[in-house]
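[1] with the sequence up front, the predicted model follows.
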Amino acid sequence: MTASDATIRHATREDVSAIFGLIHELAAYENSTSSVHATPDILSKTLAFHDSSAPDQFTPGYARTLLLTAPEGEICGMALYFYNFSTWTGVPGIYLEDLFVKPAYRKRGYGKALIKACAREVVRVGGKRLEWSCLDWNTPSLEFYESLGAKRKKEWVGLRVEGEGLTKLAES
């Protein structure tokens, strides 16, 4: 089977349990299942879902999910993304929060197909950048991304404020 045999579509509200399952499989791959605090209920309230009754219509939400269904009928991959904005280009882009293909479905071109779908979305909205992060120990993924033409951003350092630190910052 190849990527041309699979289908990619935006998730609908009915796909929440599949998205939740893929998030947990990704967390297991990264040895971080205890860090997942999302629930199906939270995802239902925070993700934007495609309204199948109208093209290009989505429910309110912060992120969209592309789902890949294998010819066998199983949802086996996802690309969860949100729009960002570059002050330097003056136009939007996409930040790919999570890309995941179930291990049994790898080496079929499915990851590449999902990233290409994200790139098409950037182009559709007149954007200039598709960005994402990858754990530094994840050599197979880094090599895959570089094979697509992605460049490592060595001059940037990722930063984050969360949990109690976020609360303290917000209240200061």
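    Looks like it arrived, so ask away.
[2] so where's this protein uncertain?
    The model of the chain has pLDDT under 70 over residues 1.
[3] where do the strands sit along it?
    Along the chain, counting by DSSP state E, strands occupy 7-10, 64-69, 75-85, 92-101, 130-132.
[4] for H24, find the nearest of those strands.
    Checking the strands of the chain against H24 by Cβ to Cβ gives strand 92-101 as the closest, at 10.1 Å. For the C-beta atoms, the positions are set from N, CA and C on the backbone; glycine is no exception.
[5] now do the same contact list for A3.
    Contacts for A3 (Cβ atoms under 8 Å, 6 or more residues apart in numbering) come out as 108-110, 112-113.
[6] and the helices in the protein?
    Using DSSP state H, the helices of the chain run over 16-29, 40-46, 110-124, 139-147, 163-171.
[7] name the residues of the longest one that are buried.
    If I follow you right, that is helix 110-124. Neighbour counts over helix 110-124 (16 or more other Cβ atoms under 10 Å) mark 110-111, 113-118, 121-122 as buried.
[8] ditto for the shortest one
    Neighbour-count burial for helix 40-46 flags 43-44 (criterion: 16+ other Cβ under 10 Å).
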